[in-house]
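Visitor: Predicted coordinates and the sequence they were generated for:
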Amino acid sequence: MPRTHQRSYLLLGLLLAVLGDTAAQAPQQSPGQNAAEMTTHDTPATFRTKVNLVQVPVVVRDSQRRAVGNLRKEDFQVFDKGKPQDIATFSIETGSKPATLETATPAPEKPPVGESKLPATPDHFVAYLFDDVHLTFSDLVIVRDAAERHLEQSLGPADRAAVFTTSGRTTLDFTDDRAKLHETLSKLRAQPIARPPGSECPDITYYQADLIVNKSDPSALQAAMQDALVCMQLDPPDPHLAQQAAQSAARRILSAGDTESRLSLGVVKDVVRRLSTMPGQRSIVLISPGFLTLVDLQQDKTEIMDRAIRSNIVISSLDARGLYTVIPGGDASQAVETAMKTQYRSASAQADEDVLAELADGTGGAFVHNNNDLAGGFKQVAARPEFVYMLGFSPQNLKLDGSFHVLKVTLKEPNQLNIQARRGYYAPKHSADPQETAKEEIQEALFSKEELRDFPVALRTQVSKSGDSSVQLAVLVWVGVKGLPFRKENGKNSDDLAVVSALFDHNGNLVIGAQKNVEMRVPDQTLESRLGSGIIVRSNFDVKPGSYRIRLVVRDSEGQLMAAANGAVEIP
């Protein structure tokens, strides 16, 4: 894994595992009774586990392929394994970019006043993932050129692009530097890792190998035997040797195909994780000829879609083969192939693109295929859908058995409208861990730009230098606790706060962060004064000169209320 990715994942993991100095300060706090009212600890606050909620992104288009955005919750029907479900949550997400936030959240009750103004920050992140493991040299050259033209024409001041590959040999983290993007794209090469194309005799596909080895399909084996008789040039023909060669090749190709598909899907998952750490709108463009995913990888696809949906990431896919046709009898560079081999190559080509369609449908993205206008295809897949309906339902009596649930979404009045929706999900195998749930909810808010105001918060910064090059930034967070739902317990008012502060650079990359967990156990006799003054939590960061965006997220455990604010600081 590239070092830049390792560093980003490490930062994220450390941040959510609780970082830094754990001293929380309260106004006029003394070592006596008040000190016992506020304590801090280094473990994440425990939030109540939410009911299992299955989220289903839905894109509705008219006969002209235009997105429809005027439908209501009552217009939709969701079926889980054929059983109708009650839609518990409903929202409409638009593809328009959010307005840039200019100042930190104001607080109505004596907050510290921040003076910094947010600099122009990126709000749209697109990760271009080239499947160089499965792409052929000729297809890669064409899509690489189309990608260069697309980025040159479409990359705006608030956009950041990254280039990743399934082989991991060519990568570039999010940037607005066109020269670096051009240089990285020019380095793209086809990188088959398991077997070079055309190296087997018989030369069968991963799809056909699965039929032979896993499904004992006699027709698939017969087709491979006919191909073996041709490529082995046996004189006289020996069906027994041809069968041995076909079965041996099928086992090797199945193993190679498993390796390449597992690797490619794993990289998609890694890119989703990487993109989930970026603020603003997030999209992945998967450029691939497609690849077969067998039964043991189905749950991996579901996990990718679940994580992408939770992180508001849209995955779109571009079939790099363009207008794809299987040439009967093979191309001019190959020996004439049998009709059965042509049939299996055609079936394989169709099966390979299923993963591209599933990831796009499952996250509300676009799937462009059978189209030689790759430049137009890039424009289509890089743009977020204009309207995405997010339907959520809680399955009744859900068994924690890991089984697959087929989903179907329909409109009560179709009116010649087409629906693109998630095809299914896997039931969990165990109950959600409360601490993991807490981390996910905080992370989702942290890597967003949305300001949340369930209770008042504000932040300010202090910069100090201890030497010629050492700079320390203090982020002071004021929390107005008056509206928090304290729980009565042994004569005290109890609630826990998770307070997270994080710094992002001008490209939107996470630089450093800290989480403080504050336990409040306030007696009745001091509750009123505490409610009036609020609390202040301090986090210290060693930073380098530059411009930073500050993101603040505060979450309480009793009411699951959340507040979030944005700020900025310039370190000279």
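Guide: Perfect, thanks for sending it. Numbering: from 1, shown residues only.

Visitor: check contacts around the nearest residue to Val368 once chain neighbours are set aside.
Guide: Nearest residue to Val368 in three dimensions, chain neighbours excluded: Gly377, at 4.1 Å (Cβ to Cβ, 6 or more residues apart in numbering). For glycine as for every other residue, the C-beta is placed from the backbone atoms N, C-alpha and C. Neighbouring residues of Gly377 by Cβ atoms under 8 Å, 6 or more residues apart in numbering: Ala146, Leu318, Val368, Asn371.

Visitor: Enumerate the positions of the helix or strand harbouring Gly377 that are buried.
Guide: Assigned by DSSP states H and E, Gly377 belongs to helix 374-382. Buried residues in helix 374-382, counted by 16 or more other Cβ atoms under 10 Å: Leu374, Ala375, Gly377, Phe378, Lys379, Gln380, Val381, Ala382.

Visitor: Give me the nearest residue to Glu386, chain neighbours excluded.
Guide: Ala67 (4.1 Å).

Visitor: Can you report how many residues lie near the one you found?
Guide: Using other Cβ atoms under 10 Å, Ala67 has 16 other residues around it.

Visitor: list the contacts for it?
Guide: Val59, Val60, Arg61, Pro385, Glu386, Phe387.

Visitor: same thing but 10 Å
Guide: Taking Cβ atoms under 10 Å, 6 or more residues apart in numbering, we find Ala67 in contact with Val59, Val60, Arg61, Thr94, Gly95, Pro385, Glu386, Phe387, Val388, Tyr389, Gln420.

Visitor: and Asn129, bridged to which residues?
Guide: Quick fix: residue 129 is Leu, not Asn. Partner residues in beta bridges with Leu129, using DSSP bridges, are Phe164, Leu286.

Visitor: Break the chain into its domains for me.
Guide: Per the record, the chain has its domains at 3-49+434-571, 51-93+387-431, 142-196+222-382, by automatic domain parsing.

Visitor: got the ones you listed as TSV, with mean pLDDT columns?
Guide: Output for those, formatted as TSV (pLDDT from 0 to 100):
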stretch	mean pLDDT
domain 3-49+434-571	74
domain 51-93+387-431	89
domain 142-196+222-382	88
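
Visitor: what's the closest of those domains to Val133?
Guide: Among the domains of the chain, the nearest to Val133 by Cβ to Cβ is domain 142-196+222-382 (4.5 Å).

Visitor: measure the closest one end to end?
Guide: This stretch, domain 142-196+222-382, spans 17 Å end to end (Cα to Cα, to the nearest Å).

Visitor: From the chain's centroid, how far away is it?
Guide: 18 Å (Cα atoms, centre = their mean, to the nearest Å).

Visitor: secondary structure element for Asn517?
Guide: Under the criterion of DSSP H and E, Asn517 resides in strand 510-523.

Visitor: partner strands of that strand, parallel or antiparallel?
Guide: Short version: by DSSP bridges, strand 510-523 pairs with strand 38-41 (antiparallel), strand 492-504 (antiparallel).

Visitor: Tabulate the CA atom coordinates of the helix or strand that comes right after the shortest one in CSV.
Guide: Pointing back at strand 38-41 there. Next helix or strand after strand 38-41 toward the C-terminus (DSSP H and E): strand 54-61. Only the C-alpha atoms of strand 54-61 are listed here, as CSV (Å, rounded to 0.1, in the frame of the first residue of the first chain):
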residue,chain,number,x,y,z
VAL,A,54,-31.0,-0.7,5.5
GLN,A,55,-30.4,2.4,3.3
VAL,A,56,-31.3,2.1,-0.4
PRO,A,57,-30.2,4.9,-2.8
VAL,A,58,-32.6,5.3,-5.7
VAL,A,59,-32.2,7.3,-8.9
VAL,A,60,-35.4,7.8,-11.0
ARG,A,61,-35.2,8.9,-14.6
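
Visitor: Okay, buried residues for the next helix-or-strand element following strand 54-61 please.
Guide: The helix or strand immediately downstream of strand 54-61 is strand 76-80, counting by DSSP H and E. Buried residues in strand 76-80, defined by neighbour count with 16+ other Cβ under 10 Å: Phe76, Val78, Asp80.

Visitor: List the contacts of the nearest residue to Gly513 once chain neighbours are set aside.
Guide: Sequence neighbours aside, Ala502 is the residue nearest to Gly513 in space, at 3.4 Å (criterion: Cβ to Cβ, 6+ apart). Taking Cβ under 10 Å, 6+ apart, we find Ala502 in contact with 11-12, 15, 19, 277, 279, 446-447, 475, 510-515, 539, 541, 548-553.

Visitor: Now the longest helix belonging to the chain: buried residues?
Guide: Counting residues, the longest helix in the chain under DSSP state H turns out to be helix 239-275. Neighbour-count burial for helix 239-275 flags 242-243, 245-247, 249-250, 253-254, 256-258, 260-265, 267-275 (criterion: 16+ other Cβ under 10 Å).

Visitor: Please identify which helix or strand holds Trp478.
Guide: strand 471-479.

Visitor: Give me the next element, helix or strand, following that strand.
Guide: In N-to-C order, the element after strand 471-479 by DSSP H and E is strand 487-489.

Visitor: Other residues contacting that next one?
Guide: Asn493, Ser494, Asp495, Asp496, Arg521, Asp524, Ser557, Glu558, Gly559.

Visitor: Note down every partner strand of it and its orientation.
Guide: In the sheet, strand 487-489 lines up with strand 492-504 (antiparallel) (DSSP bridges).

Visitor: Okay, buried residues for the strand it pairs with please.
Guide: Result for strand 492-504 [16+ other Cβ under 10 Å]: buried residues Lys492, Asn493, Asp495, Asp496, Leu497, Ala498, Val499, Val500, Ser501, Ala502, Leu503, Phe504.

Visitor: One more: stretch 505-525?
Guide: 507-510, 512-522.

Visitor: distance between it and the chain's centre?
Guide: 24 Å.

Visitor: Using PDB, write out the CA atom coordinates for that stretch.
Guide: C-alpha atoms of stretch 505-525 as PDB (Å, rounded to 0.1, in the frame of the first residue of the first chain):
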ATOM      1  CA  ASP A 505      -4.900  21.000   4.600                       C
ATOM      2  CA  HIS A 506      -5.800  23.100   1.500                       C
ATOM      3  CA  ASN A 507      -6.400  19.900  -0.500                       C
ATOM      4  CA  GLY A 508      -8.900  18.600   2.100                       C
ATOM      5  CA  ASN A 509      -6.600  15.900   3.500                       C
ATOM      6  CA  LEU A 510      -6.700  15.100   7.200                       C
ATOM      7  CA  VAL A 511      -3.500  16.400   8.900                       C
ATOM      8  CA  ILE A 512      -4.100  15.700  12.600                       C
ATOM      9  CA  GLY A 513      -7.000  15.400  15.000                       C
ATOM     10  CA  ALA A 514      -7.800  14.700  18.600                       C
ATOM     11  CA  GLN A 515     -10.800  13.300  20.500                       C
ATOM     12  CA  LYS A 516     -11.700  14.200  24.100                       C
ATOM     13  CA  ASN A 517     -14.400  12.300  26.100                       C
ATOM     14  CA  VAL A 518     -15.900  14.300  28.900                       C
ATOM     15  CA  GLU A 519     -17.900  12.700  31.700                       C
ATOM     16  CA  MET A 520     -20.300  15.100  33.400                       C
ATOM     17  CA  ARG A 521     -21.700  14.200  36.800                       C
ATOM     18  CA  VAL A 522     -23.200  17.500  38.100                       C
ATOM     19  CA  PRO A 523     -25.000  17.800  41.400                       C
ATOM     20  CA  ASP A 524     -28.400  19.600  41.400                       C
ATOM     21  CA  GLN A 525     -27.000  22.400  43.500                       C
END
